[in-house]
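K.L.:
fold the following and give me the result.
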Amino acid sequence: MSMLSQVYQQHKEAQVQAKAEHTRLHAAAAEAAAKVADELVLKLNQEVVDVFRTQRDLEGEIRTMQTRLEYFNKKAAQWNHMVSRLTQSVKEIGDVENWAARLEEDMYTVVKTLEYASAEAGSDAHNQTGDAGASQ
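P.N.:
Purely as a prediction, here's the structure:
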């Protein structure tokens, strides 16, 4: 029986060693899995933080661009108003030039008419004096 007891004892020791090895390996695997999970969480969290930071930066840029766009829209409206006023002024200058040209033409006509009338009056006066001298 001693041999059977010895085999039984060796078997029990082997089971205890196998169980201890299994427990050690299980703990090592659990620790490694925990480390991998922690690293993945950290990596994912860092990526999420980066995404949120980028999103915050983009929102800031969008606000800045909206402000600039509003400023440039106001400036464009001012320029548009100024160009419209300039266009109107140029049209008015054209109207004044046209009016001055018409006035000049009218004055020329008046002067020519007066010259003609003056010449006719002078000619009539001369004819009347010449007729009066011939009848005497």
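K.L.:
got any ranges where this protein has weak pLDDT?
P.N.:
1, 125-136 (pLDDT under 70).
K.L.:
SS state for the spatially most central residue of the chain?
P.N.:
In the chain, the residue lying closest to the centroid (Cα atoms, centre = their mean) is residue 69, at 4.5 Å. Classification of residue 69 by DSSP: H, G, I helix; E, B strand; the rest coil places it in helix.
K.L.:
from residue 80, how far out is it?
P.N.:
Residue 69 sits 16 Å away from residue 80, going by Cβ to Cβ, to the nearest Å. Yep, even glycine has a C-beta here, placed from its N, CA and C like the rest.
K.L.:
and what of residue 21?
P.N.:
86 Å.
K.L.:
same question for residue 15.
P.N.:
94 Å.
K.L.:
check residue 106 too.
P.N.:
39 Å.
K.L.:
and what of residue 17?
P.N.:
Counting by Cβ to Cβ, the gap from residue 17 to residue 80 is 92 Å.
K.L.:
repeat for residue 14
P.N.:
95 Å.
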